[in-house]
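Engineer: Requesting a structural model of the entry that follows:
(one chain, ligands or ions: 1)
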Amino acid sequence: MFVIPFFCSKNHLTYGIFSSAGYECSFTHRIVARGNNSKQFESVSILCIFSAGVFVQADFISSDEEAELVAGMEAEPWVESQSGRRKQDFCPKINFKKKKVKADAFQGFPAYSKTVMDRLKTISCLSEFQPVEMCNLEYLPSRGASIDPHHDDFWIWGERLVTVNLLSDTVYSLTLRDSDICVKVPVPQRCIVVLYGEARNVYMHSISRSDITSHRIGITIREFTPPFLEGGELYFMGKRILDKATIRELSPPDNDIQLPGH
Ligand SMILES: O=C(O)CCC(=O)C(=O)O
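Structural biologist: Coordinates of the predicted model:
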């Protein structure tokens, strides 16, 4: 393991620990100010210390698996989304403002996602993780695609936000409201990234337009908050959705279909 600067905003630099297998920065970071007239960073003072809650594991999937995932996605329609993105969403229908959720139209996850869903069980910080949403977001530089700083919903989406990053490297920006602190998190192609703790609950996350340098797809997978899980007051609804949150069966091959008169 070695220490790298995790990048800087105008006046700050954050350090993280990096290893060739990925990195986990749920440890304490030090953000240091730099001298006013110098281009060198100087450890003049510790401005804040936080436990970020970012887990990144490189090479979570192979190139062949990546190609299979993308082929599976391309066989289904994309829907225009905000800020130049396109999306494919596999989840129950949710009205975040009214705090209402409907399980009826949810049909589970596409067959091509089985490898990824099964492999989540190998990640130690994802123990007991039960996926209930899978959202594919496509970003193209030619569309100026990006995602603005935001918090994921706190009512229905649980502690751990999981993304598998396909087709190109990108960078997450973790920012605080009314502050110029920005922690830049490198997100390599084919890695898995998990945001939790302060990175999920305190920091907003975003991807700048300038950090989409090539075609990119992120598969984001979410879990429920405790009220929707066993023992919670919304489990009556959570259970209906969890029961449906499985991999869809593959359709039977065409030659199994009997045409009339044959
Ligand atoms: O594309 C990504 O990796 C991030 C997606 C995201 O932040 C979101 O869907 O809320």
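
Engineer: Could you point out which residue ranges in this structure have low pLDDT?
Structural biologist: 1-52, 250-262 (pLDDT under 70).

Engineer: which one's the longest helix in it?
Structural biologist: helix 63-74 (DSSP state H).

Engineer: contacts for it?
Structural biologist: 61, 88, 110-113, 115-116, 136, 164, 166-167, 189-190, 217, 219 (Cβ atoms under 8 Å, 6 or more residues apart in numbering). (C-beta placed from N, C-alpha, C; glycine too.)

Engineer: From those residues, which land in strands?
Structural biologist: The strands, defined by DSSP state E, take in 88, 136, 164, 166, 217, 219 from the contacts of helix 63-74.

Engineer: Can you lay out those as TSV showing neighbour count and distance to Ser124?
Structural biologist: Output for the ones in strands among the contacts of helix 63-74, formatted as TSV (neighbours: other Cβ atoms under 10 Å; distance: Cβ to Cβ, whole Å):
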residue	neighbour count	distance to Ser124
Gln88	19	29
Asn136	24	25
Val164	24	17
Leu166	22	23
Ile217	24	25
Ile219	22	20
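
Engineer: Show me the two of the contacts of helix 63-74 that sit farthest apart.
Structural biologist: Distances among the contacts of helix 63-74 were taken as Cβ to Cβ; the most separated pair is Ala111 and Gln189, at 23.2 Å.

Engineer: And for the residue in the stretch 101-250 of the chain positioned nearest to the ligand, the neighbour number?
Structural biologist: Closest to the ligand within the stretch 101-250 of the chain is Gly218: 3.1 Å, counting by Cβ to the nearest ligand atom. Here the count is done by other Cβ atoms under 10 Å, and Gly218 has 22 residues near it.

Engineer: Quick check, it in contact with Val164.
Structural biologist: Yes. In this structure, Gly218 is within contact of Val164 by Cβ atoms under 8 Å, at 7.2 Å.

Engineer: what are the ranges of the helices in the stretch 101-250 of the chain?
Structural biologist: Secondary structure of the stretch 101-250 of the chain (DSSP state H, counting those that start in this stretch): helices at 114-119, 197-201, 235-244.

Engineer: buried stuff in the second one?
Structural biologist: Using 16 or more other Cβ atoms under 10 Å as the burial criterion, the residues of helix 197-201 that qualify are 197-200.

Engineer: do the same with stretch 222-239
Structural biologist: So, applying 16+ other Cβ under 10 Å, buried residues of stretch 222-239: 222-225, 228-229, 234-235, 237-238.
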